[in-house]
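Participant: Starting from these lines, generate the structure:
(chains A and B)
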Amino acid sequence: DTEVTQTPKHLVMGMTNKKSLKCEQHMGHRAMYWYKQKAKKPPELMFVYSYEKLSINESVPSRFSPECPNSSLLNLHLHALQPEDSALYLCASSPYKGGNTEAFFGQGTRLTVV
Amino acid sequence: KQEVTQIPAALSVPEGENLVLNCSFTDSAIYNLQWFRQDPGKGLTSLLLIQSSQREQTSGRLNASLDKSSGRSTLYIAASQPGDSATYLCAVSHSGPDSNYQLIWGAGTKLIIKP
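Facilitator: Numbers count the residues shown, from 1 in each chain, chains lettered A, B, ... in the order given. Just a heads-up that it's a prediction; the model follows:
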């Protein structure tokens, strides 16, 4: 199983809503990542969890709140988003052990903020 | 600061041709380099990963090379097919104690294979 599964695939939310994006992998990977991707741009790193601990927060606004409940799951909680936050949100994982950093991506959640 | 460049930004070739996509990076102290494919509105699919100690990797019709000293990698696609149409991105994982294995991305090459 080399899959990273993201749900939902599409999400439309108002600026006052609270929603969550979910990511799951069962490859035993110990690093998990959230990326944001705007159209025709490369992914931008938001957060990195290694061994279930937040190791990188790329100065992301507090309206985005990550959570790593266990080694297989990664959530991104969304609250009071702005229309400019509309983007494709990608989750990725990598083994991390032994320096193996090969990244595997999910299919993304297309988020639209109205 | 590491910068990754992919040229050209777009490429259109007839079906059946062999082609080369280019990726260059400014800091040769990389840990590895990874090539990805992205279809419109979809996630990224890992194609090949080359460790810094390797010169090339092959998977089917794809061959990726790495020349650290010149800061270049190429992705060679043999006998191109319309299904190869996608955006191809390269990303380097930067070595160093503070890098935490972050990926530094090129902007991608949009490839169109004409039937």
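Participant: C-alpha from now on. contacts and neighbour counts both.
Facilitator: OK.
Participant: so residue A:91, which of the three states?
Facilitator: Following DSSP: H, G, I helix; E, B strand; the rest coil, residue A:91 is assigned to strand.
Participant: Verify the contact between it and residue A:103 for me.
Facilitator: No - counting by C-alpha atoms under 8 Å, residue A:103 is not a contact partner of residue A:91; they are 9.9 Å apart.
Participant: Those two: who's more crowded?
Facilitator: Just comparing residue A:91 and residue A:103: by other C-alpha atoms under 10 Å in any protein chain shown the higher neighbour count belongs to residue A:91, 33 against 23.
Participant: Excluding chain neighbours, what is closest to the more buried one?
Facilitator: Closest residue to residue A:91 apart from its sequence neighbours, by C-alpha to C-alpha, 6 or more residues apart in numbering or on different chains: residue A:34 at 4.7 Å.
Participant: what pairs with the strand or helix carrying that neighbour, and is each one parallel or antiparallel?
Facilitator: Taking DSSP states H and E as the criterion, residue A:34 maps to strand A:31-37. Strand A:31-37 pairs in its sheet with strand A:44-50 (antiparallel), strand A:87-94 (antiparallel), by DSSP bridges.
Participant: which other residues reach the last one?
Facilitator: Read it as strand A:87-94. A:4, A:6, A:23, A:25, A:29-39, A:43, A:100-112, B:41, B:43 (C-alpha atoms under 8 Å, 6 or more residues apart in numbering or on different chains).
Participant: In contact with whatever residue of chain A ends up closest to chain B: list those residues for me.
Facilitator: Proximity of chain A to chain B (C-alpha to the nearest C-alpha) peaks at residue A:107, 3.9 Å away. By C-alpha under 8 Å, 6+ apart, residue A:107 lies in contact with A:4, A:5, A:6, A:9, A:90, B:42, B:43, B:44.
Participant: Just the buried residues out of those residues, in ChimeraX syntax.
Facilitator: Buried residues within those, by 16 or more other C-alpha atoms under 10 Å in any protein chain shown, are selected in ChimeraX with:
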select /A:4,5,6,9,90 /B:42,43,44
